[in-house]
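Trainee: What would the 3D arrangement of this be:
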Amino acid sequence: MATPGATNGITDVDGVTVGHHERIGAGWATGTTVVLTPHGAVCGVDGRGGAPGTRETDLLAPQNLVQRVHGICLSGGSAYGLAAADGVMRWLGEHQYGFAVGSHPHEVVPIVPAAVIFDLPSGEWGNHPDAEFGYRACHDAGTGPVRQGSVGAGAGAVTGSLKGGVGTASAVLPPAEDAEPVTLGALAVVNARGESVDRATGTPWAADAELVGEFGVSSWPGRPARDGAAGQASLNTIVGVVATDAALRKAECQRLAMAAQDGIARAVRPAHSMFDGDTVFALSTGHRELPDADTPIGLPARAGAFDRLCAEAATTFSRAIVRGVLAAEGHAVVPAYRDVWPEAFPPER
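Mentor: Got it, this is the predicted structure:
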């Protein structure tokens with residue numbers, strides 16, 4: 001696995017900011033998360049679940065006109081939550097970020113693809129994100145460490161029998177020949193129908209030795225879950241974003257999103273069901289060029305460097321999923337990982 005970036009989060013990618021807004025309590029358990037690239041980023045998307053809830057994904061096809069997006073909106077609220085993207089557009093438009101359609105700076109149309117999770121049972125009916133959630137999440141957006149767990153779009157998330165949440169991770173890939181190091185980050189909203197943890201041992205499916213300690217975990221429990229955990233939710237979704245500073249084309253971004261979906265298959269069992277809307281976006285801020293010369297045996301060096309980036313996308317996205325589950329806090333009858341296996345974490349001082 002490549003070395004994590006400075007904060008081990010998607011904001012380690014230059015040009016990417018993240019913000020959350022959530023409401024928890026008094027009948028609410030939902031929220032919105034935004035991944036902003038206000039100066040524009042090339043974008044691709046891949047959907048694998050049988051029940052997607054998305055907006056503005058058709059324009060991301062490589063053959064279509066618009067080349068850059070200005071933010072990704074991830075939200076709770078099922079299809080109702082797509083309204084949060086209106087607030088993201090409003091915030092970006094007020095700051096004159098968007099696709100220029102006129103001669104004046106304010107004449108722009110912000111491009112904001114969106115995807116939602118099904119978290120309606122976590123709160124009272126009718127309590128779901130709207131445009132104000134998206135606007136406030138943009139106001140909260142910044143660089144540096146990203147809040148994780150039961151925040152933003154992860155506020156009402158559930159994964160299998162445990163509380164889900166928002167997780168993020170990053171990696172710095174060693175430089176290829178005649179190229180600079182490339183940073184890749186991932187952010188996942190973990191709300192899967194399947195389990196993210198082996199309930200017989202308490203070990204996350206995607207865990208390995210390098211994950212121990214990312215959230216202060218001293219060791220995996222090695223024992224079954226106690227009775228009392230909630231049953232599987234019926235309608236769920238993992239949505240998320242991978243971002244890189246490598247300069248990618250639209251089609252390459254689509255391929256990167258496809259590779260990141262493999263991280264879901266590693267981290268959740270089962271994955272990509274008919275009841276999930278698993279959707280991953282891929283962003284390229286374009287600050288680092290990939291090598292473009294051929295290798296001595298005639299293979300394109302760019303393809304090799306891009307292939308390594310795709311492999312890392314799957315690994316980093318799976319790490320983000322694990323981190324989201326470990327950081328979550330229990331809600332109502334849905335326990336968090338730390339409620340079921342508290343011994344995995346060292347005693348608080």
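Trainee: Go through the protein and flag its longest helix.
Mentor: Longest helix of the chain, by residue count under DSSP state H: helix 301-327.
Trainee: for the helix or strand just after that helix, packing partners?
Mentor: Counting by DSSP states H and E, the next helix or strand C-terminal to helix 301-327 is helix 337-340. Here helix 337-340 touches strand 162-163, helix 301-327, going by 3 or more Cβ pairs under 8 Å, 6 or more residues apart in numbering; DSSP states H and E. Bear in mind the C-beta positions are built from the backbone N, C-alpha and C, glycine included.
Trainee: Point out the other helices and strands that the shortest one packs with.
Mentor: Under the contact definition 3+ Cβ pairs under 8 Å, 6+ apart, strand 162-163 sits against helix 337-340.
Trainee: what's next to the helix it packs on, contact-wise?
Mentor: Residues from elsewhere that reach helix 337-340, judged by Cβ atoms under 8 Å, 6 or more residues apart in numbering: 162-163, 197, 202, 225-226, 229, 325-326, 328, 330, 344-345.
Trainee: Quick check: which of the helices and strands packed on helix 337-340 is nearest to residue 267?
Mentor: Closest to residue 267 of these is helix 301-327 (Cβ to Cβ; 4.1 Å).
Trainee: in the closest one, what's buried?
Mentor: Buried residues in helix 301-327, defined by neighbour count with 16 or more other Cβ atoms under 10 Å: 301-302, 305-306, 308-310, 312-327.
Trainee: now swap in stretch 110-124 and tell me
Mentor: Buried-residue list, stretch 110-124, by 16+ other Cβ under 10 Å: 110-120, 122-123.
Trainee: Mind checking which of the residues you listed land in strands?
Mentor: Residues of the buried residues of stretch 110-124 located in strands (DSSP state E): 114-116.
Trainee: Please identify which of those residues is nearest to residue 46.
Mentor: residue 115 (11.0 Å).
Trainee: beta partners for the closest one?
Mentor: Residue 115 has these beta-bridge partners by DSSP bridges: residue 54, residue 74.
Trainee: so it sits right up against residue 54, yeah?
Mentor: Yes: contact criterion Cβ atoms under 8 Å: residue 115 and residue 54 qualify, at 4.9 Å.
Trainee: list the residues that contact both of those two?
Mentor: Between them, residue 115 and residue 54 share the contacting residues 277, 279, judged by Cβ under 8 Å, 6+ apart.
Trainee: how about the helices in the stretch 1-150 of the chain?
Mentor: 84-94, 131-140 (DSSP state H, counting those that start in this stretch).
Trainee: Residue 274 is in what secondary structure piece?
Mentor: Going by DSSP H and E, residue 274 is not part of any helix or strand.
Trainee: And for the closest residue to it other than its chain neighbours, the neighbour number?
Mentor: Distances taken as Cβ to Cβ, 6 or more residues apart in numbering place residue 50 nearest to residue 274, at 3.5 Å, with adjacent residues excluded. Per other Cβ atoms under 10 Å, the neighbour tally for residue 50 reads 12.
Trainee: Could you do the one 10 residues further on as well?
Mentor: Each residue near residue 60 was counted by other Cβ under 10 Å, and the total is 24.
Trainee: contacting residues for it?
Mentor: Contacts of residue 60 by Cβ under 8 Å, 6+ apart are 43-45, 69, 113, 250, 253-254, 281.
Trainee: for residue 322, same thing?
Mentor: 167, 196, 204, 206-207, 211, 214, 267.
Trainee: Show me the two of the residues you listed that sit farthest apart.
Mentor: 196 and 214 (14.5 Å).
Trainee: More neighbours: which of those two?
Mentor: Ranked by neighbour count (other Cβ under 10 Å), residue 196 and residue 214 place residue 196 first, with 28 against 17.
Trainee: related to what we said a few turns ago, want to try TSV for the helices and strands packed on helix 337-340, with distance to residue 175 and mean pLDDT as columns?
Mentor: Converted to TSV, the helices and strands packed on helix 337-340 look like this (distance: least, Cβ to Cβ, whole Å; pLDDT from 0 to 100):
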stretch	distance to residue 175	mean pLDDT
strand 162-163	39	96
helix 301-327	9	95
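Trainee: Same list, the ones you listed, but as CSV with distance to residue 286 please.
Mentor: Converted to CSV, the helices and strands packed on helix 337-340 look like this (distance: least, Cβ to Cβ, whole Å):
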stretch, distance to residue 286
strand 162-163, 37
helix 301-327, 13
